[in-house]
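Participant: Predicted coordinates and the sequence they were generated for:
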Amino acid sequence: ILTKTFYKTLSYHFSDEEVFENRAEIRKAFKSYFLLLNQKISLFFRGSETIVVKDLKKQVFKEHSQQFHEKSRLLAPLFAQLERYCVKEGVYMIPKETIIAYGCDYENIEDEGIKKELYRETAKEAFYLDARDLVFFMNEKLTIKKFASSQNVPTDRRAYGLPPEELEKLKTMVFEQSILNEIQSGIELLLNNKLNFAVISNEYFRKNAIPLVQNLLYQVASMYMGEDSHLALKNAFVNYIFREHFCAIHELFAQKILELHALREKNAENFLRFFDGNIEVIEGRQVQKPEIIDEKGQKWNAVSILPIAIQKIRCDKENEALQERVEKAQDKHEEASQKLDIFTQESEVVHQKKEVLDEAIKQAMTQGKILQDRNYELKRLRNQGQANEEMQKEIAELAVEIKHYSKEEESLRSSIRETNNALEALRIKTKNLNTEIQSLERYINDHHKKLDNLLQVYAPIMEKHELIIDAIAKTLMAKY
């Protein structure tokens with residue numbers, strides 16, 4: 001069920017951030033509602049405007065429902081041999097060809113998402129898997145990761161018994177698209193609201209940034225992993241992802257602070273001024289505040305950072321303006337090239353037409369001359385006194401035919417003049433287009449040179465800007 005209308009209703013009452021943060025609650029509400037109807041559903045978000053709901057028990061996949069139940073029955077005998085495919089305790093990897101050999105074949109389904117889900121749900125049904133067990137494809141093998149009971153296996157507080165390599169595999173399975181894109185979308189919402197550097201203090205950031213990002217990642221993980229996944233596993237997964245992208249996330253924070261500082265946002269300036277290396281009493285204890293020091297050992301502060309941040313924005317604007325001009329010129333170049341192709345094709349058609357007309361007038365002139373020669377000969381004989389009724393009749397008929405060919409020749413010459421005019425018009429258009437295309441190519445090349453020059457001129461600024469972002473990010477990560 002695609003529920004785009006539901007999103008419109010939500011967006012009318014709630015902000016994008018509120019919808020984003022409460023996706024887990026939205027999923028729970030849907031599942032609770034369908035549970036009242038004795039339906040177990042799978043629900044996930046597709047993009048930012050669509051919710052997909054699938055009934056996992058009754059009419060599971062619409063037109064694929066019958067297939068699902070048949071394949072589950074066919075795959076069930078493999079359950080008795082599952083231990084043959086055990087690669088380590090609680091982990092099983094079954095080659096896809098083995099699954100297909102048992103009759104569980106969904107390869108005729110084009111939609112990759114539905115295909116994968118059918119394989120996963122069929123395995124869960126056929127192998128009596130627990131809701132907490134993970135099922136996913138890896139290297140063309142159906143992989144099952146069973147959860148060990150905490151009574152039998154010591155639980156790693158951070159990873160819930162999962163080694164890093166298993167979490168890495170899980171990450172690949174859960175985030176089919178770029179995980180950094182998912183994180184960036186959520187961070188942008190945070191930066192516009194709960195982590196708005198135009199409003200928040202350093203103390204607020206120190207206390208709330210990490211919990212807010214963890215909550216964000218938890219929401220994203222819940223959206224993909226399902227509500228039935230174990231809480232400890234979700235937390236372990238979120239912490240693993242957070243640690244992996246810890247620096248990149250803080251670089252996004254640093255980038256936003258610099259943007260606001262370049263726009264002379266006072267709170268962003270004060271935020272940077274805080275990091276002066278001085279000793280200060282914070283919450284009843286003396287702490288030394290970190291300083292902004294880049295990897296080359298240079299210290300930075302709000303005053304020294306400002307001109308670099310402003311010039312970076314100026315460079316971005318100039319670069320964007322040049323890029324926009326290049327894109328517009330390229331669009332015109334493409335349009336002119338398409339017109340040139342059309343005119344070239346039209347010219348070929350008109351040339352062919354002219355060739356046909358030239359051949360036709362040549363034949364008409366040849367035939368007309370033959371008739372005129374015959375007519376001349378008959379008139380000569382008549383003048384010599386050899387005329388008879390038959391000759392007079394032929395002379396009259398020849399006169400009619402000669403007149404006909406004369407008119408045809410005149411009509412053909414008129415058509416040839418028209419084709420010549422058309423060819424000349426096309427030649428002029430083609431010439432003008434070639435001139436325009438050459439001009440656009442020069443314009444594009446000139447602007448590419450300007451872009452190269454711009455980057456060379458601003459290269460020292462861009463280098464310093466990157467150093468500053470890295471330095472601020474590390475400062476934000478510092479504990480104090």
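Facilitator: Ah, there it is. Values in this document were obtained by computation on a predicted structure and should not be read as measured data.
Participant: hey, let's count contacts and neighbours off CA atoms from now on
Facilitator: Fine.
Participant: Name the residue most distant from the centre of this structure?
Facilitator: Relative to the mean C-alpha coordinate of the chain, counting by CA atoms, centre = their mean, the farthest residue is residue 385 (94.7 Å).
Participant: distance of the closest residue in space to residue 90 that isn't next to it in sequence from residue 118?
Facilitator: Leaving aside its chain neighbours, residue 90 sits nearest to residue 146 (4.9 Å; criterion: CA to CA, 6 or more residues apart in numbering). Shown here: residue 146 relative to residue 118, a distance of 19 Å by CA to CA, to the nearest Å.
Participant: Who has more neighbours out of those two?
Facilitator: residue 118 (25 against 17; other CA atoms under 10 Å).
Participant: tell me which element the more buried one is part of?
Facilitator: helix 112-126 (DSSP states H and E).
Participant: same for the next helix or strand after that helix, what does it pack against?
Facilitator: Using DSSP H and E, the helix or strand that directly follows helix 112-126 along the chain is strand 134-138. If you count contacts as 3 or more CA pairs under 8 Å, 6 or more residues apart in numbering; DSSP states H and E, strand 134-138 packs onto helix 112-126, strand 141-145, helix 164-174.
Participant: at 6 Å instead, please
Facilitator: strand 141-145 (3 or more CA pairs under 6 Å, 6 or more residues apart in numbering; DSSP states H and E).
Participant: Show me the strands paired with the strand it packs on, marking each as parallel or antiparallel.
Facilitator: strand 91-95 (antiparallel), strand 134-138 (antiparallel) (DSSP bridges).
Participant: Mean pLDDT, mean neighbour count and distance to residue 354 added to the ones you listed, as JSON lines?
Facilitator: JSON lines is the format used below for those (pLDDT from 0 to 100; neighbours: other CA atoms under 10 Å; distance: least, CA to CA, whole Å):
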{"stretch": "strand 91-95", "mean pLDDT": "87", "mean neighbour count": "19", "distance to residue 354": "67"}
{"stretch": "strand 134-138", "mean pLDDT": "72", "mean neighbour count": "20", "distance to residue 354": "65"}
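Participant: For the protein, give me the ranges with low pLDDT.
Facilitator: Across the chain, the ranges flagged by pLDDT under 70 are 1-8, 20, 23-24, 27-28, 31-63, 113, 138-139, 147-167, 169-180, 223-233.
Participant: Longest helix in it, by number of residues?
Facilitator: Criterion DSSP state H: the longest helix present in the chain is helix 389-477.
Participant: which helices and strands does that helix pack with?
Facilitator: Using 3+ CA pairs under 6 Å, 6+ apart: helix 389-477 touches helix 246-262, strand 292-293, helix 302-381.
Participant: what's downstream of the shortest one, the next helix or strand?
Facilitator: The reference is to strand 292-293. According to DSSP H and E, the helix or strand after strand 292-293 is strand 299-300.
Participant: got the CA coordinates for stretch 358-374 in CSV?
Facilitator: The C-alpha trace of stretch 358-374 is given here as CSV (Å, rounded to 0.1, in the frame of the first residue of the first chain):
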residue,chain,number,x,y,z
ASP,A,358,17.0,17.1,-62.0
GLU,A,359,16.6,13.6,-63.4
ALA,A,360,12.9,14.3,-64.2
ILE,A,361,13.7,17.6,-66.1
LYS,A,362,16.5,15.9,-67.9
GLN,A,363,14.1,13.2,-69.1
ALA,A,364,11.5,15.8,-70.0
MET,A,365,14.0,17.9,-72.0
THR,A,366,15.2,14.8,-73.8
GLN,A,367,11.7,13.6,-74.6
GLY,A,368,10.7,17.1,-75.7
LYS,A,369,13.7,17.4,-78.1
ILE,A,370,12.8,14.0,-79.6
LEU,A,371,9.2,15.2,-80.2
GLN,A,372,10.4,18.6,-81.6
ASP,A,373,12.9,16.8,-83.9
ARG,A,374,10.1,14.6,-85.2
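Participant: residues of that stretch that come out buried?
Facilitator: Buried residues in stretch 358-374, counting neighbours by 16 or more other CA atoms under 10 Å, are found at 358, 361, 364, 365, 368, 371, 372.
Participant: Would you point out the most distant pair within those?
Facilitator: Greatest spacing in those, by CA to CA: 358 and 372 (20.7 Å).
Participant: Quick one: neighbours of residue 108, just the number.
Facilitator: Residue 108: 7 neighbours (other CA under 10 Å).
Participant: cool, residue 105 as well?
Facilitator: Residue 105, neighbours per other CA under 10 Å, totals 19.
Participant: what angle do the host helix or strand of residue 236 and helix 246-262 make?
Facilitator: Assigned by DSSP H and E, residue 236 belongs to helix 231-244. Angle of helix 231-244 versus helix 246-262, following axes from the mean of the first three to the mean of the last three CA atoms, to 10 degrees, is 60 degrees.
Participant: just the CA coordinates of helix 231-244, formatted as PDB?
Facilitator: Taking Å, rounded to 0.1, in the frame of the first residue of the first chain, the C-alpha atoms of helix 231-244 are listed here in PDB:
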ATOM      1  CA  LEU A 231      16.800  -3.200  21.500                       C
ATOM      2  CA  ALA A 232      20.400  -4.100  22.400                       C
ATOM      3  CA  LEU A 233      21.200  -4.900  18.800                       C
ATOM      4  CA  LYS A 234      19.900  -1.600  17.700                       C
ATOM      5  CA  ASN A 235      21.900   0.300  20.300                       C
ATOM      6  CA  ALA A 236      25.000  -1.700  19.300                       C
ATOM      7  CA  PHE A 237      24.400  -1.000  15.700                       C
ATOM      8  CA  VAL A 238      23.800   2.800  16.300                       C
ATOM      9  CA  ASN A 239      27.000   3.100  18.400                       C
ATOM     10  CA  TYR A 240      29.000   1.200  15.700                       C
ATOM     11  CA  ILE A 241      27.700   3.600  13.000                       C
ATOM     12  CA  PHE A 242      28.200   6.600  15.200                       C
ATOM     13  CA  ARG A 243      31.800   5.700  16.000                       C
ATOM     14  CA  GLU A 244      32.500   5.000  12.300                       C
END
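Participant: Check which helices and strands that helix sits against.
Facilitator: Against helix 231-244 (3+ CA pairs under 6 Å, 6+ apart) you get no helix or strand.
Participant: Show me how far it is from its chain's centre.
Facilitator: 27 Å (CA atoms, centre = their mean, to the nearest Å).
Participant: In it, which residues are buried?
Facilitator: Result for helix 231-244 [16+ other CA under 10 Å]: buried residues 232, 233, 234, 235, 236, 237, 238, 239, 240, 241, 242.
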